[in-house]
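Chemist: Sequence first, then the predicted structure, then my questions.
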Amino acid sequence: MQTTTATPARQRKPRAKPARHIGVAVKPSDANPFYVVRIVEGKKLDHYAVTPIPSDYGTAFSVGKMGAEQEPYHVNLGDSDNPASCECQGFARWHHCRHVEGLAALASAGRL
């Protein structure tokens with residue numbers, strides 16, 4: 001009877017996530033009623049039109065990607081009793097997204 005030894009399966013290294021930065025590119029004014037927020041993730045750069053909207057709980061925003069023909073997302077940063085939420089596909093799948101994390105960072109820094 002011949003025996004063979006199994007070689008251990010090679011494990012892949014986890015993919016390094018690119019650095020993500022967010023900033024307010026343009027503040028609202030009389031001529032421009034919304035914030036323009038810039039999100040840089042690795043080499044990818046996106047600009048979003050961000051408008052505060054009324055909410056029963058937490059701070060909420062309408063977030064539309066500039067230059068894209070899609071409906072804006074509604075992002076709610078939540079409060080102590082209610083979790084944050086976003087209507088984007090990333091949040092639906094992973095329960096976190098760049099919109100919630102970025103706007104929460106800007107709000108906590110007092111930039112929104």
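Modeler: Sure thing, it's come through.
Chemist: ranges for the strands of the chain?
Modeler: Along the chain, the stretches classed as strands by DSSP state E are 20-26, 35-41, 44-53, 60-65, 73-76, 85-86.
Chemist: Next one: the residue most central in space within the chain, what pLDDT does it get?
Modeler: Nearest to the geometric centre of the chain sits residue 98, at 1.5 Å (C-alpha atoms, centre = their mean). The model reports residue 98 with a pLDDT of 91.
Chemist: Kindly report the same for residue 80.
Modeler: For residue 80, the pLDDT comes out at 85.
Chemist: Could you list the low-pLDDT ranges of the protein?
Modeler: 1-6 (pLDDT under 70).
Chemist: re earlier: any figure for the gap between the residue nearest to the centre of the chain and residue 51?
Modeler: 18 Å (C-beta to C-beta, to the nearest Å). All C-beta atoms are positioned from the backbone trio N, CA, C, and that covers glycine.
Chemist: Kindly report the same for residue 82.
Modeler: Taking C-beta to C-beta as the measure, residue 82 falls 21 Å from residue 51.
Chemist: Done for today, thanks.
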